[in-house]
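Novice: Just need the structure, nothing else, for what follows:
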Amino acid sequence: MRSVNLAFVSEQLELAERLRRDGEHMFEPQDLPGRYGRVVRAVDRLLVATGCVAVLGGGWAVWRHGYLGRVTQDVDILLPADGVGEFLRVAALSGFEVLAPPAGRWPKLVHKETGVEVDILPQGCRPGTEARPAPTTLPHPAAAGAAGPALRYITLAALVELKLGAGRARDESDVVELVRVNAESVAEVRRHLEGVHGDYVAAFDRLVERARDQGGD
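Specialist: Residues are numbered from 1 along each chain as shown. As a prediction, this is how the structure comes out:
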């Protein structure tokens, strides 16, 4: 985790201002500004080299799907289970440092040029916490919006699925904000969740009601 100092705070304020000003033109991950765009393009090169597909999740996907107040400092990518090993091997030779994760945690990289951390979300792993594991595992990127050897944003429905699987208060808050700004997509997201797990449908319905109570509908 980066230390919080004046330079870091200034960078985040500048980033937030640029996203506010130009965000409507940033349709793909490759359009992200500054060091984040450079990391995305570096990941694209890894995807080409390894033949993998991937989607960008986490805070950047939350931002892209309309929660404009959500700015993050890392990059979360969903990778297919059979591609993680080769992706990490090539990354270690191509400008990334592969960090040794604590026991039970998922792989993490650091892009050496920019210092941006890249969290790997491996297909088939189970999100949630030790006390509250998710009832499902992470989907294949192809089921979440991946298309070709370039990073794409995860679909809104798959993003909500991952947020509900993680089950943290912050993730639930993200879902509430996403519902508030994507009211026209609530029925579509619910249909997706019906095909995943009933627990997600119940949790989503509860968060939709919370969003409506907060004036999102």
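Novice: any weak-confidence spans in this protein?
Specialist: For the chain, the stretches with pLDDT under 70 are 1-26, 216-217.
Novice: Which residue ranges make up the domains of this protein?
Specialist: Split into domains by automatic domain parsing, the chain comes to 6-154, 156-217.
Novice: measure residue 125 to residue 214 for me?
Specialist: For residue 125, the distance to residue 214 equals 32 Å [C-beta to C-beta, to the nearest Å]. Just so you know, the C-beta spots here come from the backbone N, C-alpha and C atoms, and that holds for glycine as well.
Novice: what do you get for residue 77?
Specialist: 31 Å.
Novice: out of the two, which sits in the more crowded spot?
Specialist: Each of residue 77 and residue 214 has its neighbours counted (other C-beta atoms under 10 Å); residue 77 has more, 28 against 12.
Novice: looking at it, that one is touching residue 53, isn't it?
Specialist: No - with contact defined as C-beta atoms under 8 Å, residue 77 does not reach residue 53; the gap is 10.3 Å.
Novice: Where do the strands of this protein begin and end?
Specialist: 55-57, 75-79, 96-99, 108-111, 117-122, 152-153 (DSSP state E).
Novice: for the ones you listed, which one sits closest to residue 65?
Specialist: Across the strands of the chain, residue 65 has its closest neighbour in strand 152-153 (7.6 Å, C-beta to C-beta).
Novice: Okay, now the sheet partners of that closest one, with direction.
Specialist: Paired neighbours of strand 152-153 in the sheet (DSSP bridges): strand 55-57 (parallel).
Novice: Make CSV out of the strands of the chain and add distance to residue 171.
Specialist: Putting the strands of the chain into CSV (distance: least, C-beta to C-beta, whole Å) gives the following:
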stretch, distance to residue 171
strand 55-57, 11
strand 75-79, 12
strand 96-99, 23
strand 108-111, 18
strand 117-122, 13
strand 152-153, 17
